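In: have a look at this fold, sequence not included:
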């Protein structure tokens with residue numbers, strides 16, 4: 001769990017409360033549970049099964065791989081959330097643009113792509129908050145979103161999805177109009193208000209991250225154990 005330890009260290013350094021971390025992970029809990037169950041019952045092993053009933057069989061390898069995949073998904077989401085919590089959209093746009101800068105020689109609209117990715121990341125928390133508001137409004141009107149059969153719950157989501165799409169398109173139109181009013185014309189001739197440069201602390205953190213990720217990959221390729229990868 002070197003990646004988990006590194007992520008915990010980064011969250012501690014950034015002084016982000018545990019409550020915020022759990023809130024960012026909460027929406028993907030069903031996906032994590034589904035992935036864990038899928039790997040638990042359908043991952044075969046070489047030894048004797050720990051449990052067997054009908055077509056369901058649990059091997060020690062299945063338990064290890066279920067834990068490994070669950071931790072991997074949670075780490076991925078938590079790492080993405082850490083990036084959005086600690087990095088402003090402007091800085092994130094500049095970073096993505098610099099990473100894609102070599103492709104600009106091939107005629108790729110690097111700045112526009114970076115801006116689109118940044119806007120998409122920026123609007124994810126907004127859409128989640130909007131979804132919660134719409135769901136609470138529908139529940140106040142008597143909608144049964146958390147109970148009933150699966151088919152009924154899917155039908156009940158229609159009154160949530162339609163207003164959500166309308167709200168997303170309205171926000172996109174408002175954003176486009178705001179960018180036009182500010183004479184946004186893409187990356188040609190644009191300057192930066194604050195030019196970022198690598199400092200000693202940045203190089204030190206980068207070195208620590210490279211060593212940590214190197215250890216994570218080394219444990220995988222040296223077959224130390226899947227669960228410790």
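Out: Happy to help now that I have it. From a predicted model like this one, the values you see are computed outputs, not experimental measurements.
In: show residues contacting the helix or strand where residue 169 lies.
Out: Assigned by DSSP states H and E, residue 169 belongs to helix 158-181. Residues from elsewhere that reach helix 158-181, judged by C-beta atoms under 8 Å, 6 or more residues apart in numbering: 119, 123, 126, 127, 130, 131, 134, 135, 138, 143, 145. Any C-beta I mention is one placed from the backbone N, CA and C, and that applies to glycine too.
In: look up how far residue 118 lies from residue 174.
Out: Distance, residue 174 to residue 118, using C-beta to C-beta, to the nearest Å: 17 Å.
In: who has more neighbours, those two?
Out: The neighbour comparison of residue 174 against residue 118 (other C-beta atoms under 10 Å) goes to residue 118, with 21 against 10.
In: wait, what's in contact with the nearest residue to that one once chain neighbours are set aside?
Out: Closest residue to residue 118 apart from its sequence neighbours, by C-beta to C-beta, 6 or more residues apart in numbering: residue 93 at 4.4 Å. Applying C-beta under 8 Å, 6+ apart to residue 93 gives the contacts 114, 115, 118.
In: give me the neighbour count for the second one.
Out: When neighbours are counted by other C-beta under 10 Å, residue 115 registers 19.
In: how about the contacts made by it?
Out: residue 93.
In: least trustworthy helix or strand in this protein by mean pLDDT?
Out: strand 51-53 (a mean of 67; mean pLDDT, DSSP states H and E).
In: what's the distance between the helix holding residue 169 and the middle of its chain?
Out: 22 Å (C-alpha atoms, centre = their mean, to the nearest Å).
In: that one: what's the following helix or strand?
Out: Criterion used, DSSP H and E; the element after helix 158-181 is helix 200-221.
In: quick one: low-confidence parts of this protein?
Out: Applying pLDDT under 70 to the chain flags the ranges 1-2, 43, 45, 47, 49-53, 55-56, 145-148, 150, 186-190, 220-229.
In: residue 108 in helix, strand or coil?
Out: coil (DSSP: H, G, I helix; E, B strand; the rest coil).
In: where's it relative to residue 102, distance?
Out: Residue 108 is 9 Å from residue 102, by C-beta to C-beta.
In: centre-most residue in this protein?
Out: Nearest to the mean C-alpha position of the chain, by C-alpha atoms, centre = their mean, lies residue 77 at 3.7 Å.
In: what about that residue, helix or strand, and which?
Out: Assigned by DSSP H and E, residue 77 falls in helix 60-86.
In: tell me which strands and helices that helix is in contact with?
Out: helix 2-14, helix 18-25, helix 29-42, helix 110-140 (3 or more C-beta pairs under 8 Å, 6 or more residues apart in numbering; DSSP states H and E).
In: a markdown table for the ones you listed, including distance to residue 152?
Out: Listed next are the helices and strands packed on helix 60-86 as a markdown table, based on distance: least, C-beta to C-beta, whole Å:
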| stretch | distance to residue 152 |
| --- | --- |
| helix 2-14 | 38 |
| helix 18-25 | 28 |
| helix 29-42 | 17 |
| helix 110-140 | 14 |
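In: which among those is found nearest to residue 84?
Out: Among those, the nearest to residue 84 by C-beta to C-beta is helix 110-140 (6.0 Å).
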